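Peer 1: quick one: sequence and predicted model below, then my questions.
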Amino acid sequence: MKFLKKMLLVGLLPGYLICQAQNVQNKEDVPLDLGYRVLPMGDYNGSAYTISGKQLRNLPVTNLSAVLAGLVPGYFARQVQGGGLVNEQNSFWIRGQRSNSPDVLVLVDGQERDFAVLSSHEVESITVLKDAAATALYGMRAGSGAILVTTRKGAKGKPQVELTAQIIAQQPLKELKSLNAADYARQHNIARHNDNMDPLYSNYDIMNYAKNDPNSILYPNVDWADKYLKDIRWSQRYNLNIQGGTEKSTYFVNAMYTRNNGYFNTDDSHDYNTNHSAERFNIRSNIDFAVTRTTQLDVNLYGWYQSQNGPGSGAENIYKNLVTLPQGIFPEWYNDQGYTDQYGNVINAEDGKIVAGNAFRENPWAMLNRSGYFQDKQLYGSFRTKLSQDLSFITEGLKASVALSMDSRTISSIRRTITFAYYEKDATNENVLRRTREDDSMINKVDNTSSFRRTGIVAQLDYNRTFGKHGVSALAFYEQYESNDEMVLPTRFQSVNGWFGYNYDKKYGIDVIGAYQGSHKFGPGHKFGFFPTISAGWTVSNESFWKDAKKIVPYLKLKASYGQVSNSSGVDAFYYRGRMWPQNEVYITGVNMGTKLGGYIQDILPNPGLTWEKARILNIGIDTRLFSDRLSVTAEFFKDNRHDMYVVNNKISSLVGNVKEFKQNIGKINSHE
């Protein structure tokens with residue numbers, strides 16, 4: 001039945017209907033990890049989808065945020081920046097983009113962290129939460145959904161070692177092709193003719209361009225993209241993990257090395273690398289200790305180091321030039337033949353090559369090989385320790401836990417750039433190259449910034465017990481985290497949450513969830529909010545009247561949820577207060593208003609009523625299995641209403657900047673009249 005492993009998304013205004021069909025992997029008694037609690041999948045009345053880490057481990061990807069698209073119904077991803085391991089940044093949404101700030105909450109082992117950098121070999125499972133019942137405990141952080149990543153743990157037994165090596169060839173699905181020099185000249189003349197202008201290129205010019213000589217000085221034909229972009233870029237990934245344990249402790253240790261080679265063709269004329277490439281090393285250690293028969297201690301350590309190298313002109317600028325630069329605009333370089341510039345100075349060539357160019361467009365070859373290089377390095381480390389205590393001696397089914405975590409990241413950036421002169425053939429003297437700009441020595445700039453540190457605590461109390469046909473569960477916890485950055489003020493988030501669930505005879509279930517949360521972003525009287533949700537489910541297949549139908553439909557459940565969550569990710573911190581900011585040339589004094597003085601302006605307009613974006617979400621669904629549990633189908637309809645959306649940036653400085661830019665543009669226009 002592998003052909004049934006598909007999904008279908010149908011848009012129905014004002015909501016959506018999501019249907020999925022797949023091989024049955026999970027039944028109702030399989031545990032579902034929702035972050036703060038684990039419950040049987042059959043008892044869950046919300047909308048969530050879980051994939052196993054085994055489905056990801058051998059896929060040729062280096063970014064997990066991209067691979068979920070196509071595996072998780074309702075998950076969408078789009079790569080917004082390319083160029084190596086570090087820059088594979090993806091925008092992703094759950095059930096579409098329904099907000100101006102559609103950031104999805106991502107938790108790794110219960111802590112808010114980036115999951116794109118994880119090795120697929122260290123992931124046990126990924127659960128995507130979609131509706132209010134699924135995200136209610138996360139309140140103002142999960143208005144656009146949440147992704148919960150659980151990493152692998154050790155297992156009792158002898159050490160097991162797994163080594164994986166991958167060599168990946170990456171190739172563009174489609175390449176942009178530019179016109180050759182002759183065709184470009186013809187089309188350019190046609191465009192000028194359509195504007196009632198004389199042609200720029202003569203028939204003689206076009207005839208010489210048609211010779212397709214890339215080394216011609218006056219009539220070159222250089223296919224820039226074909227020459228300086230590789231057809232295939234190679235990536236390497238190596239992963240090693242070890243797991244095992246005893247009755248007292250278990251362990252899982254994972255290490256991964258990934259490298260993406262550069263996708264430019266560069267010269268080897270320097271002792272430094274100007275190509276764009278990146279590498280990362282990840283390491284994780286998850287150790288669990290049975291301190292006593294009723295006490296469990298979990299210690300998770302994780303870190304990564306990554307380095308990215310690139311040309312001083314910037315990979316994106318170079319790529320843009322490669323695919324947009326006309327092939328006949330100028331040659332790659334001029335061979336040294338004793339040229340002089342327009343001032344009579346002898347031109348000194350490097351490696352016998354003189355940079356070709358003009359005042360309008362830069363030479364991609366020179367941008368790749370003569371502009372220097374940059375290196376970005378990041379070091380990230382985190383730990384999480386959780387102490388769990390079984391409190392059955394007080395009452396059966398009662399447990400308590402407390403978790404502490406800290407994350408820290410350091411960024412180091414090196415910029416070693418060179419400004420180079422470039423030359424254009426003089427139209428009247430074949431021995432003269434007209435120079436633009438000056439050659440300069442390498443500029444060194446090193447930035448060291450300890451950019452991020454986050455600490456968090458979660459204290460939790462759980463109760464889960466069955467009384468005959470009655471199943472009762474309850475959850476309460478307090479969470480707080482603080483983030484510190486050397487450049488900005490510290491931030492804080494606090495939350496008190498509760499969940500009460502009741503199930504009768506595995507037929508009828510109801511859950512009431514509430515989250516009371518507060519953020520530093522809002523002013524007095526607006527910092528905290530309450531976010532309630534209710535959900536219910538009816539397992540029809542457990543009714544006595546369904547007995548005969550079980551041969552065809554062994555499982556059928558109806559479920560629904562309604563609640564309010566919110567989104568504070570797009571709101572800037574402290575915008576409920578005004579701010580004064582230094583600004584140049586804001587005060588004009590003196591005779592004829594000739595003196596311009598700097599001073600302070602009100603940079604931010606205070607908004608004391610600033611609050612979070614609110615979302616009321618209705619979700620109605622059906623879960624069923626057919627054909628002796630060979631096929632599982634889920635259909636869901638949801639409706640998401642938003643209000644109090646944050647849409648205006650109230651920074652006056654941006655308006656001042658726009659006015660200045662407008663005046664400068666007017667000045668440029670006037671100077672050309």
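Peer 2: On my side now, so go ahead. Keep in mind that what you see is a predicted model, and the values were worked out from it rather than measured.
Peer 1: now G514. Nearest residue, chain neighbours left out?
Peer 2: P532 (4.9 Å; C-beta to C-beta, 6 or more residues apart in numbering). C-beta coordinates here come from the backbone N, C-alpha and C atoms, glycine included.
Peer 1: any idea of the pLDDT on the one you found?
Peer 2: Reported pLDDT at P532 in the predicted model: 93.
Peer 1: can you list contacts of the helix or strand containing it?
Peer 2: In the assignment (DSSP states H and E), P532 maps to strand 528-539. For strand 528-539, the external contacting residues (C-beta atoms under 8 Å, 6 or more residues apart in numbering) are 28, 42-46, 132-133, 136, 139-140, 506-518, 555-566, 611-612.
Peer 1: what about the strands in the stretch 451-600 of the chain?
Peer 2: For the stretch 451-600 of the chain, the strands defined by DSSP state E, counting those that start in this stretch cover 470-484, 491-504, 508-519, 528-539, 555-567, 579-589, 595-604.
Peer 1: out of those strands, nearest to R98?
Peer 2: Closest to R98 of the strands of the stretch 451-600 of the chain is strand 555-567 (C-beta to C-beta; 9.3 Å).
Peer 1: what's that closest one packed up against?
Peer 2: The contact analysis (3 or more C-beta pairs under 8 Å, 6 or more residues apart in numbering; DSSP states H and E) places strand 555-567 against helix 132-135, strand 528-539, strand 613-626.
Peer 1: would you mind finding the most buried of those?
Peer 2: Burial of the helices and strands packed on strand 555-567 is given as mean neighbour count (mean count of other C-beta atoms under 10 Å); helix 132-135 ranks first at a mean of 31.
Peer 1: going by mean pLDDT, which of the helices and strands packed on strand 555-567 comes out lowest?
Peer 2: Among these, helix 132-135 scores lowest, with a mean of 88.
Peer 1: got the contact list for that helix?
Peer 2: 34, 45-48, 105, 129, 142-143, 145-146, 511, 513, 533-535, 561-565, 615-617, 619.
Peer 1: just stretch 435-446 next, same as before
Peer 2: In contact with stretch 435-446 (C-beta under 8 Å, 6+ apart) are residues 341-343, 347, 357-359, 372, 412-424.
Peer 1: ok, stretch 314-331 next?
Peer 2: Defining contact as C-beta under 8 Å, 6+ apart, one finds that stretch 314-331 is touched by 81, 83-84, 176, 178-182, 184-185, 209, 214-217, 219-225, 228-229, 264, 276, 311, 356-358, 361-364, 367-368, 424-425.
Peer 1: separation between the residue nearest to G514 and W499?
Peer 2: 11 Å (C-beta to C-beta, to the nearest Å).
Peer 1: A356 too?
Peer 2: Separation of A356 from W499 (C-beta to C-beta) stands at 68 Å.
Peer 1: local confidence estimate at A427?
Peer 2: In this model, A427 is scored at 79, pLDDT.
Peer 1: and for G15?
Peer 2: In this prediction G15 is given a pLDDT of 37.
Peer 1: then I232?
Peer 2: So I232 comes in at 87 (pLDDT).
Peer 1: for it, give me its contacts.
Peer 2: Per C-beta under 8 Å, 6+ apart, neighbours of I232: A169, Q170, Q171.
Peer 1: out of those, who's nearest L391?
Peer 2: Nearest member of the contacts of I232 to L391, counting by C-beta to C-beta, is Q170, at 52.8 Å.
Peer 1: which one is the closest one nearest to, not counting chain neighbours?
Peer 2: Spatial nearest neighbour of Q170, excluding adjacent residues (C-beta to C-beta, 6+ apart): R233 at 4.6 Å.
Peer 1: my guess is that neighbour contacts N265, does it?
Peer 2: No. In this structure R233 lies outside contact range of N265 using C-beta atoms under 8 Å: 11.1 Å.
Peer 1: so where do the strands sit in the stretch 151-300 of the chain?
Peer 2: Counting by DSSP E, counting those that start in this stretch, the strands of the stretch 151-300 of the chain are 157-170, 233-245, 249-260, 277-290, 295-311.
Peer 1: show me what the second one is packed up against.
Peer 2: To tie it back to what came earlier, the one meant is strand 233-245. Using 3+ C-beta pairs under 8 Å, 6+ apart, strand 233-245 sits against strand 157-170, strand 249-260.
Peer 1: a markdown table for those strands, including distance to L626?
Peer 2: Converted to a markdown table, the helices and strands packed on strand 233-245 look like this (distance: least, C-beta to C-beta, whole Å):
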| stretch | distance to L626 |
| --- | --- |
| strand 157-170 | 36 |
| strand 249-260 | 37 |
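Peer 1: among these, which is the most enclosed?
Peer 2: strand 249-260 (a mean of 20).
Peer 1: ok, F383 - contacts?
Peer 2: Counted by C-beta under 8 Å, 6+ apart, F383 has contacts V299, N300, L301, Y302, S405, M406.
Peer 1: for the fifth one, give me the pLDDT.
Peer 2: Same thing as S405. At S405, pLDDT is 94.
Peer 1: touching, it and Q111? I think so.
Peer 2: Yes. At 4.8 Å, S405 counts as touching Q111 under the criterion of C-beta under 8 Å.
Peer 1: who touches both of these two?
Peer 2: S382, R384, G456.
Peer 1: and the second one, what's its pLDDT?
Peer 2: What that stands for is R384. Reported pLDDT for R384: 94.
Peer 1: in this structure it contacts V402, no?
Peer 2: No. Counting by C-beta under 8 Å, R384 does not reach V402; the two are 11.5 Å apart.
Peer 1: which one's more surrounded, these two?
Peer 2: Neighbours were counted for R384 and for V402 using other C-beta atoms under 10 Å; R384 has more, 23 against 15.
Peer 1: dump the shared contacts of S405 and Q111 to CSV, plus distance to N484.
Peer 2: Converted to CSV, the shared contacts of S405 and Q111 look like this (distance: C-beta to C-beta, whole Å):
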residue, distance to N484
S382, 14
R384, 18
G456, 12
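Peer 1: from those, which land in helices?
Peer 2: Using DSSP state H, the subset of the shared contacts of S405 and Q111 located in helices is empty.
Peer 1: closest one of those to N260?
Peer 2: Nearest to N260 among these: S382, at 23.8 Å, using C-beta to C-beta.
Peer 1: quick one: residues contacting that closest one.
Peer 2: Taking C-beta under 8 Å, 6+ apart, one finds Q111, R113, L301, Y302, G303, S405, M406, D407, S408 in contact with S382.
Peer 1: 6 Å instead, please
Peer 2: For S382, the contacting residues are Y302, D407, by C-beta atoms under 6 Å, 6 or more residues apart in numbering.
Peer 1: and the gap between it and S401?
Peer 2: On the measure of C-beta to C-beta, S382 and S401 end up 19 Å apart.
Peer 1: repeat for S178
Peer 2: From S178 to S401 the distance is 61 Å (C-beta to C-beta).
Peer 1: count of residues packed around the nearest residue to D231 once chain neighbours are set aside?
Peer 2: Nearest residue to D231, sequence neighbours excluded (C-beta to C-beta, 6+ apart): Q171, at 6.6 Å. Q171 is flanked by 9 other residues according to other C-beta under 10 Å.
Peer 1: just for the stretch 351-500 of the chain, where's the confidence low?
Peer 2: Across the stretch 351-500 of the chain, the ranges flagged by pLDDT under 70 are 447-450, 486-488.
Peer 1: helices of that one, start to end?
Peer 2: Secondary structure of the stretch 351-500 of the chain (DSSP state H, counting those that start in this stretch): helices at 364-369.
Peer 1: since that was my last question, I'll sign off now.
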